[in-house]
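Q: Fold the stuff below for me.
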Amino acid sequence: MSLVSYIEAAQQYFDDLVIKATDDELFAGGYLRGHFDLAVGYAQVEELNLEVSELNETVEKSLVKAYRNGELNEEDKALVVRLWEEVKALA
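A: Below you'll find the model as predicted:
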């Protein structure tokens, strides 16, 4: 899958959460989308030609840093991890 197709599929996944997700999943999805969109935006601004795996690695580094900074409680972290696995499966 191309990077552009993956980004579009991920964006659709996040959009679809609004319709079907619980409040907690919406929070986790919004949080994850922020990290994802930041990584995509950075790659675009820097004109990086990333592979899907490289984009995912950037997102994961951002999430790990946030976890270490205590940004999420354990329940929210578990939801973010679950949703992130679902997003990565889109590739």
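
Q: and Ala39, how many neighbours does it have?
A: 23 (other Cβ atoms under 10 Å). Placement of C-beta: from N, CA and C, glycine included.

Q: so what's it closest to, chain neighbours aside?
A: Counting by Cβ to Cβ, 6 or more residues apart in numbering, Thr58 is the residue found nearest to Ala39 once chain neighbours are left out, at 4.3 Å.

Q: for the one you found, what are its contacts?
A: Taking Cβ atoms under 8 Å, 6 or more residues apart in numbering as the criterion, Thr58 is in contact with 39, 42-43, 50.

Q: With Val40 instead?
A: Contact analysis of Val40 by Cβ under 8 Å, 6+ apart lists 7, 55.

Q: Quickly find the element holding it.
A: Following DSSP states H and E, one finds Val40 within helix 23-45.

Q: follow-up on the earlier one: C-terminal to the helix or strand the residue nearest to Ala39 falls within, which secondary structure element comes first?
A: For Thr58, the host element (DSSP H and E) is helix 52-68. Tracing the chain past helix 52-68, the next element assigned as helix or strand by DSSP H and E is helix 74-88.

Q: Lys77 against Asn69, yeah?
A: No - at 11.8 Å, Lys77 does not count as touching Asn69 under the criterion of Cβ atoms under 8 Å.

Q: neighbour count winner among those two?
A: Neighbour count, other Cβ under 10 Å: between Lys77 and Asn69, Lys77 has more, with 17 against 8.

Q: Return the residues in contact with the more buried one.
A: For Lys77, the contacting residues are Tyr67, by Cβ under 8 Å, 6+ apart.

Q: Need the three-state assignment for Leu48.
A: coil (DSSP: H, G, I helix; E, B strand; the rest coil).

Q: count of neighbours near it?
A: If you count neighbours by other Cβ under 10 Å, Leu48 ends up with 13.

Q: From Val40, how far out is it?
A: Per Cβ to Cβ, to the nearest Å, Leu48 is found 10 Å from Val40.
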